[in-house]
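Chemist: based on what follows, work out the 3D shape:
(one chain, ligands or ions: 1)
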Amino acid sequence: MSTIFSGIQPSGELHIGNYLGAVKNWVELQSKYECIYCIVDYHAIIGDFEPESLRRRTRQMAVSLMAAGIDPAKSTLFVQSMVPEHTELAWIFNTVTPVGELERQTQYKDKSQRQESVNAGLLIYPVLQAADILLYRADLIPVGEDQVQHLELARDVARKWNAKFASEYFPEPKPLLTATRRIMGLDGQAKMSKSLGNTIGLLESQEDVWAKLRPAVTDPARVRKTDPGTPEVCNIYNLHKAFNDAATVEHVATQCRTAGWGCIDCKKVLMDGMMRELTPIRERARELEAHPEIVTDALAAGAAKSGEIARRTMTTVRETMGLR
Ligand code: SF4
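Modeler: Now for the predicted structure:
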């Protein structure tokens, strides 16, 4: 069975953008592949952060993932810093990665231009990403289009290390391009993101979700209830596609085009669809928060399992390279 590796930043509670864009897909992959899911806290320390907040956000992410359906009985779920071999392998890979290749990474170019002082972590974190994947010799990586460049670097690192040490130990991981959704924020302007304050949290109460959904941006052509709209330009319509069945989505489009519904009517139908999916997730999260030992034990078991694979990999890598 192919091994899948995927990581997620410890950004606290999931929002519906990262749920629909990644995690819902991870849940489906659990029954088809050997899945390793990692909360990548080593990656989260590149920018400014508060240690207590990092700890809290890491924990909240674990709760969110398990509530959303990541099942520790089916997949391996752990926190990256619980398996320090990630950073050891990253150091080794640093020695086969040309700096020029790292400087060409789009994310590095974007971020370094916006910052006065750039730390080395920002430049080399794609190498850590390569180590995350290759430590488990994962052969399939679920990626969105914006991550393909990092995967290309991981493939390149595997090739270079193998060539340097006349080995075929590391597989070249392949992208698993899946039908994930790019979810726009409630402002309808940019991708849903906590830093932009345009999110709906996965675990928010019904009242809080409605308070955000009610004023959310729709088709600007619908000034009055009697003005017909174009569903394709409306972010609410896109969310209907994620949370409602095809027949409901078609009905929404008709009601929008004919001004049969006002936008509030339309949002109420969306709200029903969202709550059908999100209420059980919220209830599971409440249960996990009431029994924190379930999450603690799951992460410890995940770290023990992934740590065993990681130690095996590092033993081979060190032996091959003449280390110790
Ligand atoms: Fe958007 Fe629905 Fe309003 Fe149409 S009726 S503009 S799809 S919220």
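
Chemist: C-alpha coordinates for stretch 131-144, PDB please?
Modeler: Listed next in PDB are the C-alpha coordinates belonging to stretch 131-144 (Å, rounded to 0.1, in the frame of the first residue of the first chain):
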ATOM      1  CA  ALA A 131      12.800  15.700   5.000                       C
ATOM      2  CA  ASP A 132       9.200  15.500   6.400                       C
ATOM      3  CA  ILE A 133       8.200  13.500   3.400                       C
ATOM      4  CA  LEU A 134      11.300  11.400   2.800                       C
ATOM      5  CA  LEU A 135      11.800  10.400   6.400                       C
ATOM      6  CA  TYR A 136       8.800   8.100   5.900                       C
ATOM      7  CA  ARG A 137       9.800   7.300   2.300                       C
ATOM      8  CA  ALA A 138       6.300   8.500   1.400                       C
ATOM      9  CA  ASP A 139       5.500   7.900  -2.300                       C
ATOM     10  CA  LEU A 140       2.300  10.000  -2.600                       C
ATOM     11  CA  ILE A 141       1.700  13.500  -1.400                       C
ATOM     12  CA  PRO A 142      -1.800  15.200  -1.600                       C
ATOM     13  CA  VAL A 143      -1.000  18.600  -2.900                       C
ATOM     14  CA  GLY A 144      -2.800  21.700  -4.100                       C
END
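
Chemist: so for it, mean pLDDT?
Modeler: Along stretch 131-144, the predicted local confidence has a mean pLDDT of 93.

Chemist: distance from the chain centre to it, please.
Modeler: Distance of stretch 131-144 from the chain centroid (C-alpha atoms, centre = their mean, to the nearest Å) equals 14 Å.

Chemist: got phi/psi on residue 168?
Modeler: Recorded main-chain torsions at residue 168 are phi -120, psi 30, according to degrees, to the nearest 10.

Chemist: quick check: pLDDT value at it.
Modeler: 94.

Chemist: how near is it to residue 96?
Modeler: Look at residue 168 and residue 96: by C-beta to C-beta, to the nearest Å, they are 15 Å apart. From N, CA and C alone the C-beta is placed, and that goes for glycine too.

Chemist: same question for residue 128.
Modeler: Counting by C-beta to C-beta, the gap between residue 128 and residue 96 amounts to 14 Å.

Chemist: surely residue 103 touches residue 123?
Modeler: Yes: counting by C-beta atoms under 8 Å, a contact exists between residue 103 and residue 123, whose distance comes to 7.0 Å.

Chemist: who has more neighbours, the two?
Modeler: Higher neighbour count among residue 103 and residue 123: residue 123, with 17 against 11, using other C-beta atoms under 10 Å.

Chemist: and that one, what element?
Modeler: Under the criterion of DSSP states H and E, residue 123 resides in helix 120-134.

Chemist: what's that helix in contact with?
Modeler: Counting by C-beta atoms under 8 Å, 6 or more residues apart in numbering, the neighbours of helix 120-134 from elsewhere in the structure are 5, 7, 38, 40, 42-43, 45-46, 80, 86-87, 89-90, 92-94, 97, 99, 102-103, 105, 108, 111-112, 115, 141, 150-151, 153-154, 157-158, 170, 173, 313.

Chemist: please convert the buried members of those into PyMOL selection syntax.
Modeler: Here is the PyMOL command that selects only those of the contacts of helix 120-134 that count as buried (16 or more other C-beta atoms under 10 Å):
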select buried, resi 5+7+38+40+42+43+46+80+86+89+90+92+93+94+97+102+105+108+112+141+150+151+153+154+157+158+170+173+313
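
Chemist: mind checking which of the contacts of helix 120-134 are in strands?
Modeler: Using DSSP state E, the members of those that fall within strands are 5, 7, 38, 141.

Chemist: sorry, back to before: so between residue 128 and residue 96, which is more surrounded?
Modeler: residue 128 (22 against 18).

Chemist: distance of the more buried one from residue 72?
Modeler: Taking C-beta to C-beta, one finds residue 128 at 24 Å from residue 72.

Chemist: up against the ligand, what does the protein have?
Modeler: Counting by C-beta under 6 Å from any ligand atom, the chain comes close to the ligand at 218-219, 222, 229, 231, 234, 236-237, 252, 256, 261, 263, 266-267.
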